[in-house]
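*Asks:* got a predicted model here, sequence first, then my questions.
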Amino acid sequence: MAELQQLRVQEAVDSMVKSLERENIRKMQGLMFRCSASCCEDSQASMQQVHQCIERCHAPLAQAQALVTTELEKFQDRLARCTMHCNDKAKDSIDAGSKELQVKRQLESCVTKCVDDHMHLIPTMTKKMKESLLSIGK
């Protein structure tokens with residue numbers, strides 16, 4: 001993928017992840033630590049009970065992190081498939097005898113369209129993840 005296009009996607013995804021972390025994940029981390037600390041304050045609990053309590057406290061955050069990771073992987077896979085399609089079209093054009101410069105332009109245009117299309121998916125993906133994170137946090 002052209003470096004400029006790759007940078008555009010990376011910056012947009014980084015911005016989305018920072019927003020999710022600041023607005024959702026961080027609150028969940030605070031709840032997890034407070035919950036874990038309260039598990040340790042039960043002097044009547046066995047070591048196993050305390051451990052299970054702490055694991056219960058960690059579960060929502062682990063679920064949230066898994067959700068974000070899965071969504072980002074799906075997004076990356078879709079973008080990679082799109083750019084692979086562009087590469088295949090470029091290879092077919094070269095095999096058909098097209099000029100290298102023309103194929104290069106065609107490839108850049110195709111990759112730019114992939115990136116543009118996927119950049120438009122980011123707000124919807126962000127909204128969906130925020131809604132899912134809120135439901136996990138409850």
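*Replies:* Good, I have the coordinates. Numbers count the residues shown, from 1 in each chain.
*Asks:* where do the helices of the chain begin and end?
*Replies:* 3-20, 26-40, 47-95, 100-137 (DSSP state H).
*Asks:* leaving out sequence neighbours, find the closest residue to the residue most central in space within the chain.
*Replies:* Geometric centre of the chain, nearest residue: Leu72, 2.3 Å, by Cα atoms, centre = their mean. Nearest residue to Leu72, sequence neighbours excluded (Cβ to Cβ, 6 or more residues apart in numbering): Val13, at 6.9 Å. Where you see a C-beta, it was placed from the backbone N, CA and C, and this is true even at glycine.
*Asks:* wait, isn't that neighbour in contact with Leu121?
*Replies:* No - taking Cβ atoms under 8 Å as the definition, Val13 is not a contact partner of Leu121, at 10.7 Å.
*Asks:* need the overlap of contacts for those two.
*Replies:* Shared contacts of Val13 and Leu121, defined by Cβ atoms under 8 Å, 6 or more residues apart in numbering, comprise Phe75.
*Asks:* neighbour count: these two, which is higher?
*Replies:* Val13 (19 against 13; other Cβ atoms under 10 Å).
*Asks:* need the outlier residue of this protein, farthest from its centre.
*Replies:* What lies farthest from the middle of the chain is Gln44; by Cα atoms, centre = their mean that is 41.6 Å.
*Asks:* any chance of the backbone angles for that residue?
*Replies:* For Gln44, the backbone dihedrals are phi -90, psi -20 (criterion: degrees, to the nearest 10).
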